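Participant: sequence unknown, structure follows:
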C-alpha cells in the first residue's frame, strides 16, 4: 500500500531541495549508528533510524560498548536516562570514537540541576563532538550560562540560546543545533534558522533523541557537520509536517512520522 | 486531520461528566510527573502522559532521581522491572517526595513471590502514598492477604480485593484503586465501582503502568486523592472504549488509545 | 472494527495449515513467557506475545529473575543489550529453567566481536536450549565458524549457516532456526525452508527478538521443538505479509504486524 503524495509535494520545497543530497547519502550508505540513549526513547530512535535508511546499534556497558563502537559509522550520545551502565559506558565509548576520528553527536538531554549528567556533558564537550544538539535550555546549561529547563522541556527559545550555541561551536570546532518552534543550526562561520515542523513533535516522547541520532546518521554520510545537522533537522521537521496532515492525535502522529521519514525526499 | 466524534459522544455520559473538572485541571496545569517505572512500558507511560496533557520525567538512579524529583509536580512509582538502579533510586526518591508533601502513587506491579519488590512495596506503604493502584492480586499481596498473581496478571477480581484495599487506605490515609473488568476506587469513607473500559486494554503491555502515572498526574492537579484516582481510571477506560471502536486488533488499539486520551472530555 | 479478510485468505495456504495446531495451542494455553531481552525491543516483544495470545514477564535481576521464572511456562533469552543486570541474571535464570526441564530459547543477538555476550552465548549452549534462534551471522559466530555480522545485521544468508546450525542442533539435541530472506529450521533429523515474510520485517526494530519470544511461547504449548520453531517463524512471516499489504511504511507496518499476529490462522 502507498499513500498518494500530498498535494504540496507537487510544488518545489527549497528547504527540502537544499538537503536532498544528504538524505540520499544516508540512504545510499545505510550507516551503522551506535546509540547510547535514553531508555524511554530507544524504540523510537531505533525505528526512526531504520525508517531513514540507517541502522541502529545500542550496546551501552563499559565492557562492550567501547569495543563494538569500532564497527559503527557514527556515535550518538544522549544523556536522557544516564543509567549506571551508561555512566561508565559513555565516556569510554566517546574516547574511542574521538581517538578514531569517527563523527559523534552529543545530546545533553535534561541537564541543568541533574548532578551527574551536567558535569559529564561539560567534560564531553572537551572531546569535541561533531555536532551538539539540544533544546535552548540544555544548550544554555551546557555553555554554563543557564540552569536548564524542567525535565526534558525547554523554558527558553532557540534565539535565546544563539550566543551560547556560538560559544560551544567555537570550542568544539563543529556544529550546534538548537531545537524549538524555530530551529537554529550554526557553526563557526554559518548560521541558519528552520521554521518548519509541527507542534505534535513535542507530544511524542523521544523526538529530540531521534533528532540526535538522525544527526549522527547524517554526519556518517556527509562530511560537513553544519550541512549534516541542518539536513537532519529539516528531515524530521518535514516528516512531522506530513504526519500532522494525516494524524488525528499524538498516537497516530508517531506512526505517520516514522512512515514519513521513509518518504521525505524520495 | 480530525475524527468525527463518535455517535455516542452526542449523548451525555454521567461518568465522564463527573470527572471532567479533573481532566481540565490536568490539561491546564500540565504537571511534570516523575516516573520510576517498568522498562517495558516506559514509552507507553511517557506518550500517554503527553497525550493527556501532562509531562513525563524518567531519571531513576540514586545519584540523580532524588535531586531532580524536586522540580516534579507528582511522583509515580512502579515496581514492574525493579532494576538495580531502581532498587536504590526508588526508596531515596520516595523519601524526598514524602518529606516535601508532594503527591505520589505506588503501583506494586507483579509483587507476590518476587523477593525484592514485595518487601519493598510493603515498606513504601509506610511512607503513605497518596494513591495505591494495582490489580486485585497485587492489592491482596500488598495487604498481606494474598500471594500475588502470575507475572503481571491478576488471578482475582477487584471485589475480592475490596477488604484488602480498605485496610490499605486506612493505613495510608489516601485512596486505593483496584483495576479489573470492574474497577474499584475507595478511600476511608467513599467507594465507587467503574464498569467501563474494554478487554483490549489487557492486550497492550503497560496500560496498568500508564494508569498509575495518569493517576499521579491527576493527584498533581486535583487535591482530593479519591476524586483524582477515580478520574484517572475513568479517563483511561473511556479512551479504551473509543479506541476499541476504531481498532481491528491490539496494535492499532494502542495507537488509537493514545489519540483518545487526548480527545476524551475536550 | 474488523478488517475484511484479504482475498488470498480465501485460498488454502499449506504453510499456514501445517502450523495451525501450534497456533491454536498457544491461544488455548496462553503461556507465560519469561523474557530477558534487549531493552530496545522489550515493548515490541511484550505486545507481540500478547497479540499472539501468550503473556510476557520481564524481570531480569539476579535477585528476582531466577525466583519468578518458576511460575513461567517458557523462558526466552536474548543477548541484544546485555546490561549489567542481565549479565548476572541470565545465567542464573537459565540454570533454573534447565534444572526444571522448562523449555527455553537462546537468541544470540549481535554476538561476534562483543566480548561478553559471545563467550556467554557459547556457555549457554552447553545448557542445551530447546531452540536456538538467530540470523546467519549469529549462528555462524555461535558455532565458532564466523566472526558475526555488523551490529544486529547478518552479513550471510541462512543457507551459509546450514552446517553451523546442524552442528549446534547436534550439541543441544533441540532445534535451530536461522532467520533471513529464506528462513531455515532444522533439528537432528529434519530440515525445512520457509520463503515467506516481507522485507519490511527488517525495517522494524526487534522483530528478531519477537521471533525468539514467540518461539518460546510455541515451545511452551507444543512438545516438538522443531515444529514449535517452524510454527513461530511461519506465524511471524505471515503476519508480516498481511501487514505489508496494509502499510505504506515501516511505522504503520509495525502496528499492522501486531494486529496480524492476532488474526493469522483464526
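Facilitator: Structure received. What you see is a predicted model, and the numbers here were worked out from it, not measured in a lab.
Participant: Identify each buried residue in the helix ranked longest in chain A, please.
Facilitator: For chain A, the longest helix by residue count, based on DSSP state H, is helix A:225-246. Going by neighbour count (16 or more other CB atoms under 10 Å in any protein chain shown), the buried part of helix A:225-246 is A:225-244, A:246. Heads up, the C-betas are built off the backbone N, CA and C, glycines and all.
Participant: so, in contact with chain B or not, the following helix or strand past it?
Facilitator: Per DSSP states H and E, the first helix or strand lying C-terminal to helix A:225-246 is helix A:250-263. Yes. Judged by CB under 8 Å from any CB of the partner chain, helix A:250-263 and chain B are in contact via A:250, A:251, A:252, A:254, A:255.
Participant: Please list all residues in contact with the fourth one.
Facilitator: In this structure, residue A:254 makes contact with A:44, A:204, A:243, B:47, B:255, B:258, C:251, judged by CB atoms under 8 Å, 6 or more residues apart in numbering or on different chains.
Participant: Ok, the last one next?
Facilitator: By CB under 8 Å, 6+ apart, the residues touching residue A:255 are A:243, A:247, B:255, C:251, C:252, C:254, C:255.
Participant: Next to chain C, which bits of the stretch 1-150 of chain A? Give me the list.
Facilitator: A:1-3, A:32, A:34, A:39, A:42-43, A:46-47, A:50-51, A:55-61, A:63-64, A:67-68, A:70-72, A:83-85.
Participant: So which of those sit within strands?
Facilitator: Using DSSP state E, the subset of the residues of the stretch 1-150 of chain A next to chain C located in strands is A:32, A:34, A:55, A:56, A:57.
Participant: Looking at those, which two lie furthest apart in space?
Facilitator: Put simply, by CB to CB the two of these set farthest apart are A:34 and A:55, 10.0 Å from each other.
Participant: what's the overlap in contacts for these two?
Facilitator: Both residue A:34 and residue A:55 are contacted by residue C:151, under the criterion CB under 8 Å, 6+ apart.
Participant: Settle it for me: which of those two has more neighbours?
Facilitator: Shown here are residue A:34 and residue A:55; by other CB atoms under 10 Å in any protein chain shown, residue A:34 has more neighbours (29 against 22).
Participant: isn't that one right up against residue A:75?
Facilitator: Yes. Using CB atoms under 8 Å, residue A:34 is in contact with residue A:75, at 4.9 Å.
Participant: Quick check: neighbours shared by the two?
Facilitator: A:69, A:93.
Participant: which bits of chain A sit near chain B?
Facilitator: Near chain B, when you scan chain A using CB under 8 Å from any CB, you find A:38-41, A:43-44, A:80-84, A:87, A:110, A:113-117, A:150-153, A:203-206, A:245-252, A:254-255.
Participant: elements contacting the helix or strand hosting residue A:169?
Facilitator: Assessed by DSSP H and E, residue A:169 sits inside helix A:162-172. Contact analysis of helix A:162-172 by 3 or more CB pairs under 8 Å, 6 or more residues apart in numbering or on different chains; DSSP states H and E lists helix A:117-125, strand A:131-135, helix A:136-143, strand A:175-179, strand A:183-186 as its packing neighbours.
Participant: ok, the residue nearest in space to the middle of chain A - contacts?
Facilitator: Centroid check for chain A by CA atoms, centre = their mean gives residue A:212 as the closest residue, at 1.5 Å. For residue A:212, the contact set (CB under 8 Å, 6+ apart) comprises A:37, A:76, A:77, A:78, A:105, A:107, A:133.
Participant: okay, now the nearest residue in space to residue A:51 that is not next to it in sequence: neighbour count?
Facilitator: If the residues on either side of it in the chain are set aside, residue A:51 comes closest to residue A:261, at 4.0 Å by CB to CB, 6 or more residues apart in numbering or on different chains. The burial count assigned to residue A:261 is 29, neighbours taken as other CB under 10 Å.
Participant: repeat for residue A:92
Facilitator: For residue A:92, using other CB under 10 Å, the count is 15.
Participant: Of the residues of chain A next to chain B, keep whichever come out buried.
Facilitator: A:38-41, A:43-44, A:80-84, A:87, A:110, A:113-114, A:116-117, A:150-152, A:203-206, A:246-252, A:254-255.
Participant: Tell me who's in contact with residue A:108.
Facilitator: A:79, A:117, A:121, A:132, A:134, A:138, A:139, A:141, A:142.
Participant: Was I right to think the second one contacts residue A:111?
Facilitator: I take that to be residue A:117. Yes. Using CB under 8 Å, residue A:117 is in contact with residue A:111, at 5.3 Å.
Participant: what's the overlap in contacts for the two?
Facilitator: The contact sets of residue A:117 and residue A:111 overlap at residue A:79 (CB under 8 Å, 6+ apart).
Participant: does residue A:186 have beta-bridge partners, and which?
Facilitator: For residue A:186, the beta-bridge partners under DSSP bridges are residue A:176, residue A:191.
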